[in-house]
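Asker: Turn this into a structure:
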Amino acid sequence: MGTAFTVKTRSGDNLALYKALILLSPGHVLVVDGGGDATNALVGELMMRYAAKRGCAGFVIDGAIRDVGAFFAADFPCYARAHNHCGPYKHGPGKINVPVAVGGEVVNPGDIVVGDEDGLVVFPVAAAADLIAAARHSAAGEQAIKDEIANGNVAQSWLTRVLQPHGLCD
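Answerer: Prediction:
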């Protein structure tokens, strides 16, 4: 989890990422709009090591990365569209801390980025309190279902709620 530090770059070109690495602060997540191109990796082990040393919380790359094993070994969070052994160009242009699109979603500088093994969510800081409340409510509902499953009964209220409107309850 961290705050978005955004970069928009030409497909396959990482020149702007070099500048971004110098500018980012601890807790930033480097969010890169690379146009979804998987032809050339935009980041790899060396950039990951430098970013981690500077306190970067992770990468979100709408493009390709390389050195996947190094990311796993370092336990450095990285979400990318693809991986490819081919290196990038370094010609530019690029823009730093501007709104970007990643996977069809707009990410603004400073947005909150949260990820786990199932994927990512990004939202403005102003929405955090409402989203946290909704997530807690959802987690409580799921815990109630887990508790009901643990009782071992075939009849379960959570199943009935889904099946009944479709006339599938006995």
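
Asker: contacts, neighbours, all on C-alpha from now
Answerer: Fine.

Asker: Residue 97 against residue 5, yeah?
Answerer: Yes: using Cα atoms under 8 Å, residue 97 is in contact with residue 5, at 5.9 Å.

Asker: Look at the two and report which has more neighbours.
Answerer: Counted by other Cα atoms under 10 Å, residue 97 and residue 5 do not tie: residue 5 has more neighbours, with 30 against 18.

Asker: who's in contact with residue 158?
Answerer: residue 145 (Cα atoms under 8 Å, 6 or more residues apart in numbering).

Asker: separation between it and residue 140?
Answerer: Distance, residue 158 to residue 140, by Cα to Cα, to the nearest Å: 13 Å.

Asker: so what sits against both of those two?
Answerer: Residues touching both residue 158 and residue 140 by Cα under 8 Å, 6+ apart: none at all.

Asker: Using the three-state scheme, assign residue 22.
Answerer: At residue 22 the chain is in helix, as set by DSSP: H, G, I helix; E, B strand; the rest coil.

Asker: so what sits against both of residue 97 and residue 5?
Answerer: Counting by Cα under 8 Å, 6+ apart, the contacts common to residue 97 and residue 5 are residue 109.

Asker: Going along the chain, name the strands of the protein.
Answerer: For the chain, the strands defined by DSSP state E occupy 2-9, 28-33, 41-43, 58-65, 78-83, 94-96, 100-102, 105-107, 112-116, 119-123.

Asker: Next, the angle from the fifth one to strand 119-123.
Answerer: What it means is strand 78-83. Counting by axes from the mean of the first three to the mean of the last three Cα atoms, to 10 degrees, strand 78-83 lies at 120 degrees to strand 119-123.

Asker: so how far is strand 78-83 off the chain centroid?
Answerer: From the chain centre to the centre of strand 78-83 is a distance of 10 Å (Cα atoms, centre = their mean, to the nearest Å).

Asker: Where does the prediction get shaky in this protein?
Answerer: Applying pLDDT under 70 to the chain flags the ranges 170.
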